[in-house]
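Asker: model this:
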Amino acid sequence: MNILALDLGTSSVRGLVLDSDIQAVPGALARRRVELTVDDDGTGTLDGRGYLACLIECLDELSEQGWLREVELVAISAQWHSVLPLGADGEPLGPVLTWLDTRPEPLPAQAGPADPDAFHQRTGTWWHRCYWSVRLPWLRAHSGSPVARFTGLVEYALSQLLDDAPMSMSQASGTGLLDLRTLDWDAEACALAGIEGDELPELAPADWRGRLRPAYARRWPTLARVRWAAPLGDGAASNVGSGCVDQTRAAVTVGTSSAVRLLQRMPAYAPLAPLPAQLWRYRVDHDHVVTGAAYSSGGNLFAWADRELRLPAGPALEAALRRLPPDGGRPANIGFGGDRPPGDRRAGSGELRGLSFGTTAVQLLAGLMYGVCEQVVGDLAALESTVSSPVEVVLGGGAMAASPWWRGAFATVLAPRPVRFGRHPEIGATGAALVACGRIGDAVALADISQTDDQSSAATA
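Answerer: Modelled structure (predicted):
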């Protein structure tokens, strides 16, 4: 059985085919870059219709090349926290707010939760601009037309393709409106958002499977009878794909942004373990949660430096970095994109310090990269407090695969914990496929975790 894995990210839409061993079929990959609108005022938006067009183009390409013939299941890893206002006709009233957008603020007359700690424990989130409890009133106030309902980006795209597209528990938990124990919309969170139940997406049951609408079944006939699994939040998918599926192993992933997360078994309707004040918690599925912290800065800092600084290219850059110790860059405040919750810095908070006429572009880059490493330390310690023991760390994500120096810097900063590197290149797609197949237990064997890469890099950096 082949699996079509869709990775619906912030910077790109990707579709790839995995075989029955959850290995990528060589050549069976289609990708489209996504145009993200970012501005110094905190804007971080996508065009919903354009995003859907990118997804359709990927499916067209894979179909035309014959890669979809043996697909029997579609698994989806998708960005958390996005929100899109819809009119009465179901059409978008504006752009999609992504996790990057730091503009939403509580309206002047709004008050927060009656008991902020209880709210945090129930929903795993805070009353914060990243979540729908703040975003929906702000969107209503800034929309030029009446909003009929709200949806996430992935739900919007799937609603156009499938006969039914409810919101998965994983995606719903990223809104900040879900009670993580009861798996229903939280009454207080919905009141803060000023929203009724029929203005929110329907929630998917545990056994939900979708199918293509007739028009798209004719367009991609090999997918006409294929089942579509409920989407998995990209952070949860990355943990599973990294082989971090129990409380002994934490994932640190660096892609466009970065995060540290621990996956634990917490079945629905059972009491939830206490959640440290600085961490969030989201659902993986009905049986598992992922707890952690996420940051706006990650590989996007490298992309900025590569675009704006006169850096050496390719191997020459890695060689220049190797001549620096992990802390050999210039001090930096890496708040270029502001804070993810619970922080409140706005976009544009970044700083580079300690500069002289002798400062090199590589030193600036190294300071930014080292800052990404340092931001993880305190939150990793908070995660360890929930399991009462140190954990092993597995590094993953495209940025980690690209830079041995960066992996070595993480190993230095996170010592004395064992720090390893997950070599599997498709952690999001693989994780989504494993969950869709009910094979989370196979994740460790598939992750291809190196035991020596980062320790040797740190020792020679």
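
Asker: Grab the longest helix from this protein for me.
Answerer: helix 48-64 (DSSP state H).

Asker: mind saving the C-alpha coords of that one as PDB?
Answerer: Provided in PDB are the C-alpha atoms of helix 48-64 (Å, rounded to 0.1, in the frame of the first residue of the first chain):
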ATOM      1  CA  GLY A  48      -6.100  31.000   0.600                       C
ATOM      2  CA  ARG A  49      -7.100  30.600  -3.000                       C
ATOM      3  CA  GLY A  50      -3.500  30.700  -4.200                       C
ATOM      4  CA  TYR A  51      -2.600  28.100  -1.600                       C
ATOM      5  CA  LEU A  52      -5.300  25.800  -2.800                       C
ATOM      6  CA  ALA A  53      -4.100  26.300  -6.400                       C
ATOM      7  CA  CYS A  54      -0.600  25.200  -5.300                       C
ATOM      8  CA  LEU A  55      -2.000  22.000  -3.700                       C
ATOM      9  CA  ILE A  56      -4.000  21.200  -6.800                       C
ATOM     10  CA  GLU A  57      -0.900  21.800  -9.000                       C
ATOM     11  CA  CYS A  58       1.100  19.300  -6.900                       C
ATOM     12  CA  LEU A  59      -1.700  16.700  -7.200                       C
ATOM     13  CA  ASP A  60      -1.900  17.300 -11.000                       C
ATOM     14  CA  GLU A  61       1.900  16.800 -11.300                       C
ATOM     15  CA  LEU A  62       1.900  13.600  -9.300                       C
ATOM     16  CA  SER A  63      -1.100  12.300 -11.200                       C
ATOM     17  CA  GLU A  64       0.300  13.100 -14.600                       C
END
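
Asker: Show me what it is packed against.
Answerer: strand 2-8, strand 12-18, strand 24-33, helix 153-161 (3 or more Cβ pairs under 8 Å, 6 or more residues apart in numbering; DSSP states H and E). To be clear about C-beta, it is placed using only N, CA and C from the backbone, and glycine gets the same treatment.

Asker: quick one: strands adjacent to whichever helix or strand comes after that helix?
Answerer: Proceeding N to C from helix 48-64, the next assigned helix or strand is strand 71-78, under DSSP states H and E. Strand pairing for strand 71-78, determined by DSSP bridges: strand 2-8 (parallel), strand 227-228 (parallel), strand 232-233 (parallel).

Asker: who touches the following helix or strand past strand 71-78?
Answerer: Next helix or strand after strand 71-78 toward the C-terminus (DSSP H and E): strand 84-86. For strand 84-86, contacts defined as Cβ atoms under 8 Å, 6 or more residues apart in numbering pick out 48, 92-97, 139-140, 143, 147-153, 156.

Asker: Among the residues you listed, which lie within strands?
Answerer: Assignment to strands by DSSP state E places the following of the contacts of strand 84-86 there: 96-97, 149-151.

Asker: okay, those residues in a markdown table with distance to Y269, pLDDT and neighbour count next?
Answerer: Shown next, in a markdown table, are the ones in strands among the contacts of strand 84-86 (distance: Cβ to Cβ, whole Å; pLDDT from 0 to 100; neighbours: other Cβ atoms under 10 Å):
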| residue | distance to Y269 | pLDDT | neighbour count |
| --- | --- | --- | --- |
| V96 | 32 | 97 | 26 |
| L97 | 31 | 97 | 25 |
| R149 | 27 | 96 | 16 |
| F150 | 26 | 97 | 24 |
| T151 | 26 | 98 | 24 |
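
Asker: quick one: what helix or strand has the residue in the chain sticking out farthest from the centre in it?
Answerer: Most distant from the centre of the chain: F357, at 38.5 Å, with distances by Cα atoms, centre = their mean. Remark: F357 resides in no helix or strand, with elements defined by DSSP H and E.

Asker: Which pLDDT value belongs to it?
Answerer: Here the pLDDT value assigned to F357 is 96.

Asker: From L317, how far off is it?
Answerer: 22 Å (Cβ to Cβ, to the nearest Å).

Asker: Return the per-residue confidence for S450.
Answerer: Predicted confidence (pLDDT) for S450: 66.

Asker: If you could redo that for S242, that was the one I meant.
Answerer: So, for S242, pLDDT stands at 93.

Asker: buried subset of the contacts of strand 84-86?
Answerer: Using 16 or more other Cβ atoms under 10 Å as the burial test, the contacts of strand 84-86 include 48, 92-97, 139-140, 147, 149-153, 156 as buried.

Asker: closest to C130 among the residues you listed?
Answerer: Comparing the buried ones among the contacts of strand 84-86 against C130 with Cβ to Cβ places L97 closest, at 9.6 Å.

Asker: For the closest one, list the residues it contacts.
Answerer: Applying Cβ under 8 Å, 6+ apart to L97 gives the contacts 44-45, 82-84, 104, 135, 139.

Asker: just to revisit the earlier point, just the angle between the longest helix of the chain and strand 71-78, please?
Answerer: Here the directions of helix 48-64 and strand 71-78 differ by 150 degrees (axes from the mean of the first three to the mean of the last three Cα atoms, to 10 degrees).

Asker: Name the residues that touch helix 48-64?
Answerer: Under Cβ under 8 Å, 6+ apart, the answer for helix 48-64 is 4, 6, 8, 13-15, 17, 28, 30-35, 68, 84, 92, 95-96, 153, 156-157, 160-161, 219-220, 222-223.

Asker: Go through that helix and flag the buried ones.
Answerer: In helix 48-64, counting by 16+ other Cβ under 10 Å, buried: 48, 51-52, 54-56, 58-59, 62-63.

Asker: and stretch 330-347, how far from the chain's centre?
Answerer: Centroid separation for stretch 330-347 versus its chain: 17 Å, with Cα atoms, centre = their mean, to the nearest Å.

Asker: just to revisit the earlier point, just the buried members of the contacts of helix 48-64?
Answerer: Neighbour-count burial (16+ other Cβ under 10 Å) applied to the contacts of helix 48-64 gives 4, 6, 8, 13-15, 17, 28, 30, 32, 34, 68, 84, 92, 95-96, 153, 156-157, 160-161, 219-220, 222-223.

Asker: Excluding chain neighbours, what is closest to S385?
Answerer: Nearest non-adjacent residue to S385, counting by Cβ to Cβ, 6 or more residues apart in numbering: P276, 6.3 Å away.

Asker: and the one you found, what element?
Answerer: Applying DSSP H and E, one finds P276 in no helix or strand.

Asker: Would you mind confirming that it is in contact with V387?
Answerer: No. The pair P276 and V387 does not pass the contact test of Cβ atoms under 8 Å, sitting 11.3 Å apart.

Asker: where does the stretch 351-461 of the chain dip in pLDDT?
Answerer: 450-461 (pLDDT under 70).

Asker: Do a quick rundown of the strands in it.
Answerer: 351-352, 392-396, 419-422, 449-450 (DSSP state E, counting those that start in this stretch).

Asker: Of those, which stretch is the most buried?
Answerer: For the strands of the stretch 351-461 of the chain, the largest average neighbour count (mean count of other Cβ atoms under 10 Å) is found in strand 419-422, namely a mean of 25.
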